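Engineer: Give me the fold of what follows.
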Amino acid sequence: MKKVIAISCLAALMLTGCTKPNNNNDTESTTAAATTEAETTTEAVTTEEKTTTEAVTVLKEPDTEPLTEPFTESEETIKQRREMFYADVRPMLKLYFDKLLEENGGHAYMEYTFYDVDKCTVPEVIIKEGNSEAEFTIHVFREDGFDGMYQIGEFGGGHTALCYDADTDKLVLAWAQMGAMNISSLDMVDYKLKEVTSDEKKLAPDEEIDDILAEENIKKLAYISVYKPDEESAGYSIIHHADGTEERKEELYFEFFE
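Structural biologist: Predicted coordinates for the structure are as follows:
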């Protein structure tokens with residue numbers, strides 16, 4: 001599995017519109033890559049072989065079942081990744097925000113939180129960034145233990161809250177807009193974080209989103225938002241606690257929290 005060092009080559013995919021974003025859209029690229037490989041194999045068949053038999057192309061369908069043990073690691077490897085995570089997380093977040101500032105002419109907004117999505121005791125970094133609520137994108141990064149952090153998942157983040165299922169411990173995306181709601185559970189599939197279940201709902205006029213989440217035993221994750229409106233301002237951060245309270249800091253705040 002190819003590892004991506006730090007953040008310098010990351011690009012944010014901005015999604016717009018009022019409908020739930022279509023995640024896990026990598027099937028087409030996988031099929032195209034397989035088709036190209038099959039065509040190359042077919043062209044390599046000699047003229048003599050073509051006169052006796054035709055090349056048969058078989059495309060492997062991508063796996064859809066979540067892996068029960070997505071990563072097989074020794075305790076020593078996990079320990080090393082954990083140590084590197086705590087060393088990498090603060091500079092990684094700052095570097096990512098600096099990249100957003102560069103791309104947006106001196107202003108940027110992002111939210112970040114942490115969750116152990118693969119249940120290995122080393123948290124993943126989850127970043128939501130964009131220039132408007134409708135255009136947010138969610139990126140999930142895993143610590144490599146050697147070369148830094150690399151992305152294991154990307155999802156549409158417009159009108160979406162980051163949550164977790166208290167019954168299954170899965171990471172959950174709760175999207176809601178104009179009386180419609182969708183609750184998506186994420187899990188590891190082929191070493192990538194992907195949407196594995198999706199539950200669409202219609203909200204009654206007297207229903208609140210938080211009421212639906214409480215019925216499903218889904219909890220919102222605490223997170224930190226970082227905002228710099230322009231080049232001249234210092235910017236500020238807000239710690240959004242899981243209980244709904246907030247704490248403002250007059251600085252660009254990049255720290256790990258539990």
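Engineer: Show me what stretch 225-234 is in contact with.
Structural biologist: 97, 101, 105-112, 235-238, 240, 250-254 (Cβ atoms under 8 Å, 6 or more residues apart in numbering). All C-beta atoms are positioned from the backbone trio N, CA, C, and that covers glycine.
Engineer: change it to 7 Å
Structural biologist: The contact list for stretch 225-234 (Cβ atoms under 7 Å, 6 or more residues apart in numbering) reads 97, 101, 106-111, 235-238, 240, 250-253.
Engineer: Which helix or strand lies directly C-terminal to the helix or strand encompassing Ser184?
Structural biologist: Element membership of Ser184, judged by DSSP states H and E, is strand 180-189. Towards the C-terminus, the helix or strand next in line after strand 180-189, according to DSSP H and E, is strand 192-202.
Engineer: For Met178, report the pLDDT, please.
Structural biologist: With respect to pLDDT, Met178 has a value of 87.
Engineer: Equivalent analysis for Tyr253, please.
Structural biologist: Note for Tyr253: predicted pLDDT of 97.
Engineer: State the distance from it to Pro205.
Structural biologist: As judged by Cβ to Cβ, to the nearest Å, Tyr253 and Pro205 stand 39 Å apart.
Engineer: Equivalent analysis for Phe254, please.
Structural biologist: 41 Å.
Engineer: Just want to know which of the two has more residues nearby.
Structural biologist: Counted by other Cβ atoms under 10 Å, Phe254 and Pro205 do not tie: Phe254 has more neighbours, with 18 against 5.
Engineer: Bridging across strands, which residues link to the closest residue to Met110 other than its chain neighbours?
Structural biologist: Spatial nearest neighbour of Met110, excluding adjacent residues (Cβ to Cβ, 6 or more residues apart in numbering): Glu129 at 4.0 Å. Beta-bridge pairing for Glu129 (DSSP bridges): Met110, Thr137.
Engineer: Would you mark the buried spots in stretch 145-153?
Structural biologist: Across stretch 145-153, burial judged by 16 or more other Cβ atoms under 10 Å covers Gly145, Gly148, Met149, Tyr150, Gln151, Ile152, Gly153.
Engineer: got a pLDDT number for the closest residue to the first one other than its chain neighbours?
Structural biologist: Computed as Cβ to Cβ, 6+ apart, the closest residue to Gly145 that is not its neighbour in sequence is Arg81, at 3.7 Å. pLDDT, Arg81: 93.
Engineer: mind listing what's buried in the host helix or strand of Arg81?
Structural biologist: According to DSSP H and E, Arg81 maps onto helix 75-103. By 16+ other Cβ under 10 Å, the buried positions in helix 75-103 come out as 80-82, 84-85, 88-89, 92-93, 95-97, 99-101.
Engineer: Okay, helices next: where are they in this structure?
Structural biologist: For the chain, the helices defined by DSSP state H occupy 27-43, 47-52, 75-103, 209-215.
Engineer: and His240, what are its bridge partners?
Structural biologist: On the basis of DSSP bridges, His240 is bridged to Tyr223, Glu246.
Engineer: Contacts only, for it.
Structural biologist: By Cβ under 7 Å, 6+ apart, the contact list for His240 reads Ala222, Tyr223, Ile224, Ser225, Glu246.
Engineer: Now restrict those to buried residues only.
Structural biologist: Ala222, Tyr223, Ile224, Ser225.
Engineer: Nearest to Val117 among those residues?
Structural biologist: Tyr223 (14.9 Å; Cβ to Cβ).
Engineer: List the residues that contact the closest one.
Structural biologist: Contact partners of Tyr223, counting by Cβ under 7 Å, 6+ apart, are Glu111, Tyr112, Thr113, Leu162, His240.
Engineer: who wins for neighbours among those?
Structural biologist: Highest neighbour count within those: Tyr112, with 27 neighbours (other Cβ under 10 Å).
Engineer: ok, now which ones touch the closest residue in space to that one that isn't next to it in sequence?
Structural biologist: Leaving aside its sequence neighbours, Tyr112 sits nearest to Ile127 (Cβ to Cβ, 6+ apart; 5.0 Å). The contact partners of Ile127, by Cβ under 7 Å, 6+ apart, come to Tyr96, Met110, Tyr112, His139.
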